[in-house]
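**Student:** test case, fold it:
(chains A and B)
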Protein chains: 2
Amino acid sequence: MKAAKLELLAIPGLPMIKAGDDLAALIAEGFKRAGLTPRPGDVLALAQKIVSKAEGRSVELAKVKPSERAVALAAEVEKDPRLVELILSESVRVVRSRPNVLIVEHRLGFVMANAGIDQSNVGPTDGVERALLLPIDPDGSAKKLRARLGELLGASPAVIITDSFGRAWRRGTQGIAIGAAGLPALLDLRGNPDLFGRTLQVSISGFADEIAAAASLVQGQGNEAQPAVLVRGLSWNAPDNPASELVRPAAEDMFR
Amino acid sequence: MKAAKLELLAIPGLPMIKAGDDLAALIAEGFKRAGLTPRPGDVLALAQKIVSKAEGRSVELAKVKPSERAVALAAEVEKDPRLVELILSESVRVVRSRPNVLIVEHRLGFVMANAGIDQSNVGPTDGVERALLLPIDPDGSAKKLRARLGELLGASPAVIITDSFGRAWRRGTQGIAIGAAGLPALLDLRGNPDLFGRTLQVSISGFADEIAAAASLVQGQGNEAQPAVLVRGLSWNAPDNPASELVRPAAEDMFR
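**Tutor:** The predicted structure is shown next:
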């Protein structure tokens, strides 16, 4: 994992993504428009929102019937009961709740606010209130997008699906990877020597998370102004693993 | 905060840093060697280790006398009592302790393993065991380095001082900023409209942390193989604030 130079390039000209869109085909067109062809070490970072939209994970709030539990919790956290119903339906448990705060353990293990559901950039503004859920299986989505991009472009970059998470102990969100294919999302460098030959101590890197944070700088507003970002110049020497490896199992987590 | 293209360039040819080195002068030489001159929006990311070394924050373990408390805690966490003494001296409280795990609240508010002290890349291997503490005042260090770079280069990039932190809920470390000058370390976009005119909901970004994570991809092994990385292509429109703004005050933190 090193680079003398790293480049992040927004894939230009992506349209607003709708349910059923062939997202890989739209991205492949963007590659061609920009004169880009995949190179070894390329990583394509895709904002979760466009993947979720293409996969039809948008829900009309008017069609959601909140349970009693959702109504009670919504009163506590001062949120829309229908949104809380969706959050609960995507979660395995509530980790913290307070007025304006609802942190849950998502069914995929992510500890995150609102189960990753939000209402920004979910328009168009047709008067219909919608919420957008995370993809059903972000690692699977990354794998499929990578395969399809390979068909369309002749070679495929690694693919990560990015989101912005709040954090314990620190203010502000930071980009992280909820899905990954074609790279070691978690990069274990333990046992490698340091610059002086001593074994590296803290050497398990959230590689895909760092790439996601970098991509977030280019994705911009709500991670969707430029939702597809090519990260060029990385190299690694470790087997692939998915973004689910970045989730710390509850049993070894001291903070939930 | 947006960029169609972002570049990260390692500043070439930095020597191993020693206590008392004029770090800004060494970096300015690297800029010149690479034919680089500062541009608006440039951010220079410096690995904490080189800043700490230049500031003489290396401690010989043989000269540390562990307290009774350090000896007892060292037995519990299975670490060197002298290292534990240093960790405690840099901390305001122990947050979690277990065999091989010692997470503290650093005197600067960071919740982190081992108070940020480590022994990788602290050589040379002269047989003397050393540990390297965080800078006394990383925001102050960033500010001074930025001012000195401005003198030497005619203009100065923003400066961040980076470290790799472990995280609640997720495996692997991710780069974060412990010091910053010349940019909004915490970027508050609340109130800005989203792409559809709806107010952005989750819109406080750990801007300097995302830059640090990006730089970590280039810094490489122990963040010190290429410890100075120029991040080029960012823009922002918000007042500067220091990295201390990224620290969530204990009173509003639900996870310590």
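**Student:** which residues sit against stretch A:86-103?
**Tutor:** By CB atoms under 8 Å, 6 or more residues apart in numbering or on different chains, the list of residues contacting stretch A:86-103 from outside reads A:59, A:64, A:67, A:69-70, A:73, A:76-79, A:84, A:104-107, A:111-117, A:131, A:133-134, A:166, A:256, B:254-255. The way it works is simple: take the backbone N, C-alpha and C, and place the C-beta from them, glycine included.
**Student:** surely A:E55 is in contact with A:I17?
**Tutor:** No. The pair A:E55 / A:I17 is not scored as a contact, 9.7 Å apart, by CB atoms under 8 Å.
**Student:** strands - which of the contacts of stretch A:86-103 land there?
**Tutor:** Members of the contacts of stretch A:86-103 lying in strands (criterion: DSSP state E): A:V59, A:V104, A:E105, A:H106, A:V111, A:M112, A:A113, A:A131.
**Student:** of those residues, closest to chain B?
**Tutor:** Using CB to the nearest CB, A:V111 is the member of the ones in strands among the contacts of stretch A:86-103 that sits closest to chain B, with 4.0 Å.
**Student:** report how many residues lie close to the closest one.
**Tutor:** Using other CB atoms under 10 Å in any protein chain shown, A:V111 has 26 neighbouring residues.
**Student:** any idea what sits nearest it, other than its immediate chain neighbours?
**Tutor:** Once flanking residues are discounted, A:V111 sits nearest to B:W169: 4.0 Å by CB to CB, 6 or more residues apart in numbering or on different chains.
**Student:** do you know how far the one you found is from B:V94?
**Tutor:** Going from B:W169 to B:V94 by CB to CB, to the nearest Å gives 20 Å.
**Student:** residue contacts, A:G182?
**Tutor:** By CB under 8 Å, 6+ apart, the residues touching A:G182 are A:V43, A:A142, A:R146, A:S156, A:P157, A:A158, A:V159, A:D240.
**Student:** least confident pick among those residues?
**Tutor:** Taking the contacts of A:G182 together, the minimum pLDDT is found at A:S156 (93).
**Student:** doesn't A:K144 make contact with that one?
**Tutor:** No. Here A:S156 lies out of contact with A:K144, judged by CB under 8 Å, at a distance of 11.1 Å.
**Student:** of the two, who's got more company?
**Tutor:** With neighbours defined as other CB under 10 Å, A:S156 and A:K144 compare such that A:S156 has more, 21 against 17.
**Student:** what residue is smack in the middle of chain A?
**Tutor:** For chain A, A:T162 is the residue whose C-alpha lies nearest the centre (CA atoms, centre = their mean; 2.5 Å).
**Student:** what's across from that residue in the sheet?
**Tutor:** For A:T162, the beta-bridge partners under DSSP bridges are A:A47, A:A177.
**Student:** can you tell me which residues contact it?
**Tutor:** So A:T162 contacts A:45-48, A:175-178, A:212, A:215-216, A:219, A:223 (CB under 8 Å, 6+ apart).
**Student:** if we can go back for a sec, among B:W169 and B:V94, which residue is more densely surrounded?
**Tutor:** It is B:W169, of B:W169 and B:V94, that has more neighbours when counted by other CB under 10 Å, with 24 against 17.
**Student:** quick revisit: could I get the contacts of A:G182 as CSV with distance to chain B?
**Tutor:** As requested, the contacts of A:G182 are exported to CSV (distance: CB to the nearest CB, whole Å):
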residue, distance to chain B
A:V43, 10
A:A142, 17
A:R146, 20
A:S156, 20
A:P157, 15
A:A158, 13
A:V159, 17
A:D240, 15
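**Student:** of the residues you listed, grab the buried ones for ChimeraX.
**Tutor:** Remark: buried members of the contacts of A:G182, expressed as a ChimeraX selection using 16 or more other CB atoms under 10 Å in any protein chain shown:
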select /A:43,142,146,156,157,158,159
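**Student:** where do the helices sit along chain A?
**Tutor:** Remark: helices assigned in chain A by DSSP state H are A:23-33, A:48-54, A:68-77, A:81-89, A:138-153, A:207-219.
**Student:** any idea which of those gets closest to A:L8?
**Tutor:** Among the helices of chain A, helix A:207-219 comes nearest to A:L8, with 4.9 Å by CB to CB.
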